[in-house]
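1. Pasted the sequence and its predicted model underneath.
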Amino acid sequence: MSTTYKRTLVTSALPYANGPVHIGHLAGCYLPSDIFVRYKRSKGEDVMFICGSDEHGVPITIKAKKEGVSPQDVVDKYHKMMGDSFKEFGISFDIYSRTSNKIHHETASDFFKVLYDKGGFTEEITEQYYDEEAKQFLADRYITGTCPKCANPNAYGDQCEKCGSTLSATELIDPKSTLSGAKPVLKETKNWFLPLDKLQPKIQAYLDQHKDWKTNVYGQCKSWLDSGDGLQPRAMTRDLDWGVPVPVKGAEGKVLYVWFDAPIGYISATKELRPNDWELYWKDKETRLIHFIGKDNIVFHCIIFPAMLMEHGDFILADNVPANEFFKFRRR
Ligand SMILES: [Zn+2]
């Protein structure tokens, strides 16, 4: 597309706050975005550079349990460590925020409510493993058992790291809760799903406008859209006690799925930095939005987050999503 833009909003993938930043991430995502932003600044262009720590989700709660500390302790430690590393490397973010901030919780919660009020979710009751001793539902990573494909006795509820198979927790033989060691029981639970199947035509139309994206990015999106039955509804809430609480009656003990709340972190960080004119960067057609990401995040940035923004309404969508080590830009 040959639009001219007045300003550019650059986001860099929010690193997950359960370990230090790796050199691969720096080379693949943060350095390229920093170079791009510095180039724009040197030309006197209006550019904003957003990043922060992704601080919710199951792996952080597992790490906290293992270390006998709270999830907040874990993210406090790594948020500081990562923030310091970026400073030392000279990555010139305009803000390095974090998703455990109050402003992010409010923004993500409001975003969910807008979609909910518009009927943007479907409710589904599914059976999930529950630990009767620990009295909580078990996310996939909280369940281990024997892999049905290769008989590895230490497979997780979402995948076997020995043979690489993607699994669902109910496929594991002799499942065990990693919290108590107990045999989990199946129990019904309600969650809210984004009906990506119904949204597929809109997502398709959006991607059709961006055939100029890098081949690995566009190709991966196409393969999702073109696979068997196409896109499938995806749960945007989880039975977990760490994250942004689902702001709906009857959703006690549930939080927003980390992949729902994390990309909203770009919006809340912009709000935090520019409380008075953040909307200019997210809602004005003359803003060019670019997400720099790692290649494992393509689906979330090119399909799920745009679908969320479309369903919410008012927001612009990414004009480009460069992923991984090689990238190329045309001058606009
Ligand atoms: Zn296996």
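-> Received, thanks.
2. Point to the residue nearest the middle of this protein.
-> residue 259 (3.1 Å; CA atoms, centre = their mean).
3. Where does pLDDT dip in the protein?
-> Residue ranges of the chain with pLDDT under 70: 1-3, 325-332.
4. Tell me where it has strands.
-> 7-12, 46-53, 95-98, 122-131, 136-137, 143-146, 155-156, 173-177, 185-194, 234-235, 237-239, 254-256, 287-292 (DSSP state E).
5. Can you redo those as CSV, where the extra columns are mean neighbour count and distance to residue 24?
-> All C-beta spots, glycine's among them, are computed from the backbone N, C-alpha and C. Formatted as CSV, the strands of the chain follow (neighbours: other CB atoms under 10 Å; distance: least, CB to CB, whole Å):
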stretch, mean neighbour count, distance to residue 24
strand 7-12, 23, 14
strand 46-53, 23, 16
strand 95-98, 21, 19
strand 122-131, 15, 34
strand 136-137, 18, 34
strand 143-146, 22, 28
strand 155-156, 23, 23
strand 173-177, 17, 33
strand 185-194, 16, 30
strand 234-235, 17, 27
strand 237-239, 23, 28
strand 254-256, 23, 28
strand 287-292, 22, 14
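6. Tell me which of those strands sits nearest to the ion.
-> strand 155-156 (5.5 Å; CB to the ion).
7. hang on, the earlier thing: any chance of the strands of the chain in CSV with distance to residue 82 as columns?
-> Output for the strands of the chain, formatted as CSV (distance: least, CB to CB, whole Å):
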stretch, distance to residue 82
strand 7-12, 12
strand 46-53, 6
strand 95-98, 8
strand 122-131, 32
strand 136-137, 29
strand 143-146, 29
strand 155-156, 25
strand 173-177, 31
strand 185-194, 29
strand 234-235, 28
strand 237-239, 24
strand 254-256, 22
strand 287-292, 16
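8. Flag every residue of this protein that's near the ion.
-> Residues of the chain lying close to the ion by CB under 5 Å from the ion are 147, 149-150, 152, 160, 162-163.
9. burial measure for the residue of the stretch 201-332 of the chain found nearest the ion, as a count.
-> Residue of the stretch 201-332 of the chain nearest the ion, by CB to the ion: residue 296 (20.4 Å). Neighbour count for residue 296, taken as other CB atoms under 10 Å: 10.
10. residue ranges of the helices in this protein, please?
-> 23-25, 31-42, 58-67, 71-89, 102-117, 196-208, 215-226, 258-273, 278-283, 298-299, 305-312 (DSSP state H).
11. Tell me which of the ones you listed sits most buried.
-> helix 258-273 (a mean of 23; mean count of other CB atoms under 10 Å).
12. residues in contact with that one?
-> Helix 258-273 is contacted from outside by 9, 11, 14, 48, 50-52, 54, 56-58, 94-95, 97-99, 101, 103-104, 106-108, 111-112, 194, 236-238, 243-244, 255, 278, 281-282, 291, 300-301, 304-305, 308, using CB atoms under 8 Å, 6 or more residues apart in numbering.
13. by how many degrees do it and strand 7-12 diverge?
-> Angle, helix 258-273 to strand 7-12, by axes from the mean of the first three to the mean of the last three CA atoms, to 10 degrees: 130 degrees.
14. ok now helix 258-273, how far from the chain's centre?
-> With CA atoms, centre = their mean, to the nearest Å as the basis, helix 258-273 stands 10 Å off its chain's centre.
15. and if you look at stretch 226-244?
-> 11 Å.
16. so what's residue 155 up against?
-> Taking CB under 8 Å, 6+ apart as the test, what residue 155 contacts is 144-147, 161-162, 165, 167, 172.
17. Taking the residues you listed, tell me the two that lie furthest apart.
-> Greatest spatial distance in the contacts of residue 155: 144 and 165, 14.2 Å, computed using CB to CB.
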